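Asker: need coordinates for the following:
(chains A and B)
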Amino acid sequence: MPELRLNDAQLAAALADLGTGIAWPEAPDVRGRVLSRIQAEPRRAAWWRAAWSPRYGFAPALVALAIVLLAVLAVSPGARATATDILRLRGIEIFRGPVPTPSPTPSRSAGAVQTPPSLPSAGLGVLVSLADAKARAGYPVLVPADPQLGAPDEVYLRAVPSSTAVSFVYTSRAGIPVSAQAGVAAIVTEFAGATVDEGFFGKVVDPGTTVERLIVNGQPAFWIQGAPHFFFYRYAGPGQVQQETLRLAGNTLIWTQGLLLMRLEAQVDKATALRIAASVR
Amino acid sequence: MERARRGDQDAYGELVTRYQALAARVAYVITASSAEAEDVTQDAFVKAYYALDRFRDGAPFRPWLLRIVANEAKNRKAAAARRPTLELSAAADRASGETALSPEAAAVASDVRAGLLTAIHRLREEDRLVLSYRYFLDLSETEMAAVLGIARGTVKSRLSRAMARLREVYADA
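Answerer: Numbering: from 1, shown residues only, chains lettered A, B, ... in the order given. Next up, the predicted model:
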């Protein structure tokens, strides 16, 4: 090896010269693939995306969650029954345990949430007509027929990797408080649950929240009452993990109906939620 | 850029076309795999799209994008199994005078060039990345700070430390 008799400027120049001769791999053309991926899912509104940072990805979040759950197990034998109470429902797992981020004292009052008010449509997808939703969902769309809800005020379509999610938004209804978090009274969301069987759909429930196993329309269901909920859900394929926060701080009923996984978010009591679920057709 | 931020996907497509080659090289320097670099590039552009409204008005796009690329590449690399270190190879040796070179560079004999490349491969990753970003990718100080995840004020000292180590490694070879 010849001695490096170069001053700093000469060494820098030599490196720059070397740089011009690097045999780089052929530049990929990812434009088409990037565009098809971002067309599949419109940008979500800022309020919930703020929780998502491309810097961290989701593996760390899941690891943190696992650590929290393990910590609960380790320090509190009494909590073991709760933490290990992972309920299953057609591709969904509901984890009971503390949320990984600081949260307000659990409260049934919607006014206690810290998340700023947002548009009701945030994260739900593209506003369409009910007829459009039925034509484009790719499965027979079911709609609640309960007279207290009546017809939805807005219908949204959102592509998920394996299916299409349809959401019905009810802005205000007599007897149902409007959520301080989302500014609407109720949201019903459905998608073809059978197609997400391979993934998991985890739900982190605040310690003050109760999860109750029910039967709706002859099939298993879960009634979740209390503070805001976080979702982690994954579709088949590496890295396909997403986080979602429930739009309403209200109670949630998750049930299956045929091939569909459905959820009702509304600050109503269990009897009302079940009545609405039973009205779906 | 502004159109892309408002959700114009064609405008975003233009950004992808303009920056994908640079993004892929940054990813390649980190992952040492052209296949991984391509995946990283694709994923980084998708993530950047969904993060566009956190992009500050008036800030330069390149460092912001390259930071996302670098983080994505580091995550991938950490997740992947051990791989051989990056093998940057010099393109076919150019005959002296074939390319327009600065007077200093023209003076660099091809055996020095080969020696430098060997020495760079022997550097610690931290030093190799700094030198690669500066001299092979011609990144600005702001961009280097973004991809290295360090303050802009520390870029110069990192660079001069890497240069010093390069001299040592070269001398030991």
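Asker: helix or strand for A:Phe191, which one?
Answerer: Using DSSP states H and E, A:Phe191 falls within strand A:186-192.
Asker: helices and strands around that strand, which ones?
Answerer: When contacts are defined as 3 or more C-beta pairs under 8 Å, 6 or more residues apart in numbering or on different chains; DSSP states H and E, strand A:186-192 sits against strand A:163-170, strand A:260-266. Any C-beta I mention is one placed from the backbone N, CA and C, and that applies to glycine too.
Asker: listing partners with orientation, what would you give for it?
Answerer: If you go by DSSP bridges, strand A:186-192 pairs up with strand A:163-170 (antiparallel), strand A:260-266 (antiparallel).
Asker: so where's chain B shaky on pLDDT?
Answerer: Within chain B, the set of residues satisfying pLDDT under 70 comprises B:80-111, B:173.
Asker: in the longest helix seen in it, what's buried?
Answerer: The longest helix of chain B (DSSP state H) is helix B:9-31. Residues of helix B:9-31 classed as buried by neighbour count (16 or more other C-beta atoms under 10 Å in any protein chain shown): B:9, B:12-13, B:15-16, B:19-20, B:22-31.
Asker: make a markdown table out of the helices and strands packed on strand A:186-192 and add mean neighbour count.
Answerer: Formatted as a markdown table, these follow (neighbours: other C-beta atoms under 10 Å in any protein chain shown):
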| stretch | mean neighbour count |
| --- | --- |
| strand A:163-170 | 23 |
| strand A:260-266 | 24 |
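Asker: let's have the ones you listed in a markdown table, adding distance to A:Pro25 and mean pLDDT.
Answerer: Shown next, in a markdown table, are the helices and strands packed on strand A:186-192 (distance: least, C-beta to C-beta, whole Å; pLDDT from 0 to 100):
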| stretch | distance to A:Pro25 | mean pLDDT |
| --- | --- | --- |
| strand A:163-170 | 36 | 88 |
| strand A:260-266 | 43 | 86 |
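Asker: in chain B, which residue is most central in space?
Answerer: B:Val26 (3.3 Å; C-alpha atoms, centre = their mean).
Asker: what residues are up against the residue lying closest to that one once chain neighbours are set aside?
Answerer: Spatial nearest neighbour of B:Val26, excluding adjacent residues (C-beta to C-beta, 6 or more residues apart in numbering or on different chains): B:Val69 at 5.2 Å. Shown in contact with B:Val69 (C-beta atoms under 8 Å, 6 or more residues apart in numbering or on different chains): B:23, B:26-27, B:40-41, B:44, B:147.
Asker: quick check: buried residues in the helix or strand harbouring B:Val69?
Answerer: B:Val69 belongs to helix B:61-79 when assigned by DSSP H and E. Neighbour counts using 16+ other C-beta under 10 Å place B:62-77 of helix B:61-79 among the buried residues.
Asker: return the distance of that helix from the chain's centre.
Answerer: 10 Å (C-alpha atoms, centre = their mean, to the nearest Å).
Asker: show me what the longest helix of chain B is packed up against.
Answerer: Using 3+ C-beta pairs under 8 Å, 6+ apart, the elements in contact with helix B:9-31 are helix A:31-40, helix B:2-5, helix B:34-50, helix B:61-79.
Asker: in JSON lines: the strands paired with strand A:186-192, plus distance to A:Ser279.
Answerer: Output for these, formatted as JSON lines (distance: least, C-beta to C-beta, whole Å):
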{"stretch": "strand A:163-170", "distance to A:Ser279": "12"}
{"stretch": "strand A:260-266", "distance to A:Ser279": "11"}
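Asker: average pLDDT for stretch A:189-201?
Answerer: Mean pLDDT, stretch A:189-201: 49.
Asker: bridge partners for A:Glu190, pull those for me.
Answerer: Assigned bridge partners for A:Glu190, using DSSP bridges, are A:Val166, A:Met262.
Asker: how about stretch A:22-32, which residues are buried there?
Answerer: Neighbour counts over stretch A:22-32 (16+ other C-beta under 10 Å) mark A:22, A:24, A:27-28, A:30-31 as buried.
Asker: pLDDT-wise, what's the bottom of those residues?
Answerer: A:Ile22 (79).
Asker: show the pLDDT at the closest residue to A:Ala40 other than its chain neighbours.
Answerer: Once flanking residues are discounted, A:Ala40 sits nearest to A:Ala159: 4.7 Å by C-beta to C-beta, 6+ apart. The score at A:Ala159 is 80. That number is its pLDDT.
Asker: now the helices for the stretch 101-250 of chain A?
Answerer: Under the criterion DSSP state H, counting those that start in this stretch, helices of the stretch 101-250 of chain A are mapped to A:130-136.
Asker: mind listing what B:Glu141 touches?
Answerer: B:Glu141 makes contact with B:152, B:155-156 under the criterion C-beta under 8 Å, 6+ apart.
Asker: please repeat the previous calculation with a cut-off of 7 Å.
Answerer: Each residue near B:Glu141 by C-beta atoms under 7 Å, 6 or more residues apart in numbering or on different chains is listed here: B:152, B:155.
Asker: and the residue nearest to A:Ala40, how far from A:Ile38?
Answerer: Going from A:Ala159 to A:Ile38 by C-beta to C-beta, to the nearest Å gives 11 Å.
Asker: out of the two, which sits in the busier spot?
Answerer: More neighbours surround A:Ile38 than the other of A:Ala159 and A:Ile38, with 20 against 16 (other C-beta atoms under 10 Å in any protein chain shown).
Asker: skipping its backbone neighbours, what lies nearest the more buried one in space?
Answerer: Nearest residue to A:Ile38, sequence neighbours excluded (C-beta to C-beta, 6+ apart): B:Tyr49, at 4.8 Å.
Asker: that neighbour: how many residues sit nearby?
Answerer: 22.
Asker: from B:Leu22, how far out is it?
Answerer: 17 Å.
Asker: skip the chain neighbours and tell me the closest residue to B:Arg67.
Answerer: Using C-beta to C-beta, 6+ apart and skipping residues adjacent in sequence, the residue nearest B:Arg67 is B:Ala146, 4.0 Å away.
Asker: between the helix or strand containing that neighbour and helix B:61-79, how many degrees?
Answerer: Element membership of B:Ala146, judged by DSSP H and E, is helix B:141-148. If you take axes from the mean of the first three to the mean of the last three C-alpha atoms, to 10 degrees, helix B:141-148 sits at 20 degrees to helix B:61-79.
Asker: how about helix B:141-148: buried residues?
Answerer: For helix B:141-148, by 16+ other C-beta under 10 Å, it's B:141, B:143-148.
Asker: same deal with stretch B:155-171?
Answerer: Applying a neighbour-count criterion of 16+ other C-beta under 10 Å, one finds B:155, B:158-159, B:162-163, B:165-166, B:169-170 buried in stretch B:155-171.
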